[in-house]
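Novice: Return atomic coordinates for the entry below.
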Amino acid sequence: MEDSDIIHHIGELADEERRLEEAHADADQGLNEDELERLERLQVTLDQLWDLLRQRRALRRAGRDPDEAEERAANTVEQYWQ
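Specialist: As a prediction, this is how the structure comes out:
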């Protein structure tokens, strides 16, 4: 996967996340259970993609092959300090 593919996928998921949040921004009722689960999955996947992109960039700067980067598990990227 190329950096541009990762960035494109991040954009698509971020748009979906924004649509989900905006759909209920002015409503009295919040997100339903399915929407909350989808939002959580989106956020985890976004964290994983950003981490993968950072790994690829770091490898490239170090003169290594960015394809050595690997997607880390959700429980790993969710433990990072933001």
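
Novice: which parts of stretch 39-53 are buried?
Specialist: By neighbour count with 16 or more other CB atoms under 10 Å, stretch 39-53 contains the buried residues 42, 45, 46, 47, 48, 49, 51, 52, 53. (Each C-beta comes from the backbone N, C-alpha and C, glycine too.)

Novice: The last one is in contact with residue 8, isn't it?
Specialist: No: the pair residue 53 / residue 8 is not scored as a contact, 11.2 Å apart, by CB atoms under 8 Å.

Novice: what's the helix ranked longest in the chain packed up against?
Specialist: In the chain, taking DSSP state H as the definition, the longest helix is helix 33-61. Contacts defined by 3 or more CB pairs under 8 Å, 6 or more residues apart in numbering; DSSP states H and E place helix 33-61 against helix 3-23, helix 74-77.

Novice: Name the SS class of residue 30, please.
Specialist: Put simply, residue 30 is coil when judged by DSSP: H, G, I helix; E, B strand; the rest coil.

Novice: now it: how far from residue 67?
Specialist: In this view, residue 30 and residue 67 are 41 Å apart by CB to CB, to the nearest Å.

Novice: Check what pLDDT the residue sitting furthest away from the middle of the chain gets.
Specialist: Distance from the C-alpha centroid of the chain, by CA atoms, centre = their mean, peaks at residue 28 (28.0 Å). Note for residue 28: predicted pLDDT of 70.

Novice: same question, residue 76
Specialist: 89.

Novice: What separation do you get for it and residue 69?
Specialist: Applying CB to CB to residue 76 and residue 69 gives a distance of 13 Å.

Novice: cool, residue 16 as well?
Specialist: Counting by CB to CB, the gap from residue 16 to residue 69 is 24 Å.

Novice: Likewise for residue 56?
Specialist: Distance from residue 56 to residue 69, by CB to CB: 5 Å.

Novice: just to revisit the earlier point, any idea how far the longest helix of the chain is from the chain center?
Specialist: Remark: helix 33-61 is offset 2 Å from the chain centroid, using CA atoms, centre = their mean, to the nearest Å.

Novice: quick one: contacts of stretch 2-16?
Specialist: Identification of contacts with stretch 2-16 by CB atoms under 8 Å, 6 or more residues apart in numbering yields 42, 45, 46, 49, 50, 52, 53, 56, 57, 66.
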